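*Asks:* With the sequence up front, the predicted model follows.
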Amino acid sequence: MKGRVLLIAPVFYSYHNLIIEAIKKQSFEVDFVPEREYSFGYNVLNNISGSLAAMFSNLKLSMKLSKKKVNYEIVLIIRGQHITNKIIDNLKDQYPKAHFVFYQWDSFKENPNALKIFKSFDKVYSFDRLDCESYKLEYKPLFYFKKKESKESSIDLKYDISFIGGDHGDRFEIINQFREICKNQKLKGFFFLKMNKFGFYKKKYFKKSGFKGLTKKSVSFESMPMEETQNIFNESKAVLDINNDLQAGLTMRTFEVLCQGKKLITTNSYIKLEPFYNPAMICIIDRKNSILPPDFINTPMQKIDMGKYHIDYWINDFISG
């Protein structure tokens, strides 16, 4: 073994487990500690006061970290939603020989706490180009983890365009635009938007602008299982990606779609700056007035080399010292 890594990161789908496995493949041992609490008590406090929830979470985190009596070569923190400089200083005192690495997969607008702590690290990376330019950080996009590209010839393509995701910002309005595009261009679309009940009623009755056609049939109150989600994407020629307009970083879906050899329709214009950008496979749309070139869906597919974005390579910057 090369040494030991302390990973402090969000519990988000299975991504933390994938990162753990990728580090282990590089012959490191890994101890994982969630960056915050995910308990019922935290959720109750967070509904009362975000500050109280953060204090509670950091108290629990400090208790967990104080029990770690081994030496670490690397301390890798991803996002750091509530973590304080005091916690980081305590870790530095506890592991004076460790290399401290910080990675942001949110923008500083989405996670302002990161602004308070990023200077405490030896190396700082972000997926957001604008944050990297503003704060002189190392730019590092996200990753994908699929082993092989899908073989289109062996899959029955049922949909021209698909979208599956949770509700935020203007996603419902953009999906509505694409329902019209599919109707006008005689394309078959599959659109699945997960919305919680509180958000549904708030938008339907108090934010009527842009939410014409919002009904219980147009959204789902339950998430789609990951396996079913992947099956839909495998059966699609193109996938619609609607990024958070507060972030310049490319979504995980961007990499998942392109590595599977699918076409990508995205609201993120910063993708033009990537070395893999290919307008034959990637269509950038205006989120206020979405226009899809009529020939985009049915022109021949072109291969894009996404190899270096696989998680097994993505992890190397963090653990190479």
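*Replies:* Okay, I see it. Numbers count the residues shown, from 1 in each chain.

*Asks:* Which residue, other than its chain neighbours, is closest to Ser126?
*Replies:* Spatially, and ignoring its direct neighbours in sequence, Ser126 is nearest to Gln104 (4.1 Å; C-beta to C-beta, 6 or more residues apart in numbering). From N, CA and C alone the C-beta is placed, and that goes for glycine too.

*Asks:* what sits against the one you found?
*Replies:* Taking C-beta atoms under 8 Å, 6 or more residues apart in numbering as the contact definition, Gln104 lies against Ile78, Arg79, Asn111, Ala114, Phe118, Val124, Tyr125, Ser126, Phe127, Asp128, Asp131, Leu137.

*Asks:* What of Leu61?
*Replies:* Counted by C-beta under 8 Å, 6+ apart, Leu61 has contacts Ile8, Val33, Pro34, Glu35, Arg36, Glu37, His82, Ile83, Ile87.

*Asks:* Poorly predicted segments of the chain, please.
*Replies:* Applying pLDDT under 70 to the chain picks out residues 147-155, 196-218, 321.

*Asks:* mind listing the strands for this protein?
*Replies:* Secondary structure of the chain by DSSP state E: the strands cover 3-9, 28-34, 74-78, 99-104, 123-126, 138-139, 159-166, 189-194, 236-241, 263-266, 282-284.

*Asks:* In TSV, list those along with distance to Asp305.
*Replies:* Converted to TSV, the strands of the chain look like this (distance: least, C-beta to C-beta, whole Å):
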stretch	distance to Asp305
strand 3-9	28
strand 28-34	27
strand 74-78	26
strand 99-104	24
strand 123-126	22
strand 138-139	19
strand 159-166	24
strand 189-194	28
strand 236-241	19
strand 263-266	15
strand 282-284	14
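
*Asks:* circling back to that earlier point, just the closest of the contacts of Leu61 to Ile284, please.
*Replies:* Using C-beta to C-beta, Glu35 is the member of the contacts of Leu61 that lies nearest Ile284, at 32.6 Å.

*Asks:* Now for that closest one, how many residues are close by?
*Replies:* 22 (other C-beta atoms under 10 Å).

*Asks:* Distance-wise, check it relative to Ser223.
*Replies:* Using C-beta to C-beta, to the nearest Å, Glu35 is found at 22 Å from Ser223.

*Asks:* same thing with Gln260?
*Replies:* 21 Å.

*Asks:* One more: Lys136?
*Replies:* Lys136 is 38 Å from Ser223, by C-beta to C-beta.

*Asks:* which of these two has more neighbours?
*Replies:* Legend: neighbour count by other C-beta under 10 Å for Lys136 and Ser223, higher for Ser223 (13 against 8).

*Asks:* residue ranges for the helices of the stretch 1-150 of the chain, please.
*Replies:* Per DSSP state H, counting those that start in this stretch, the stretch 1-150 of the chain carries helices over the ranges 15-25, 40-48, 50-66, 85-94, 113-117, 129-135.

*Asks:* Quick one: residues contacting Pro294.
*Replies:* Gln185.

*Asks:* tell me the phi and psi of it?
*Replies:* For Pro294, the backbone dihedrals (degrees, to the nearest 10) come out as phi -60, psi -30.

*Asks:* Quick check: Gly8 touching Arg36?
*Replies:* Heads up, residue 8 is Ile, not Gly. No: using C-beta atoms under 8 Å, Ile8 is not in contact with Arg36; the gap is 9.5 Å.

*Asks:* Asn111 reaches Ile78, doesn't it?
*Replies:* No: counting by C-beta under 8 Å, Ile78 is not a contact partner of Asn111; they are 10.7 Å apart.

*Asks:* more neighbours, the two?
*Replies:* Using other C-beta under 10 Å, the more surrounded residue of Asn111 and Ile78 is Ile78, with 22 against 17.

*Asks:* how far away is the more buried one from Leu6?
*Replies:* 12 Å.

*Asks:* ok, now Asp160?
*Replies:* Asp160 sits at a distance of 46 Å from Leu6 (criterion: C-beta to C-beta).
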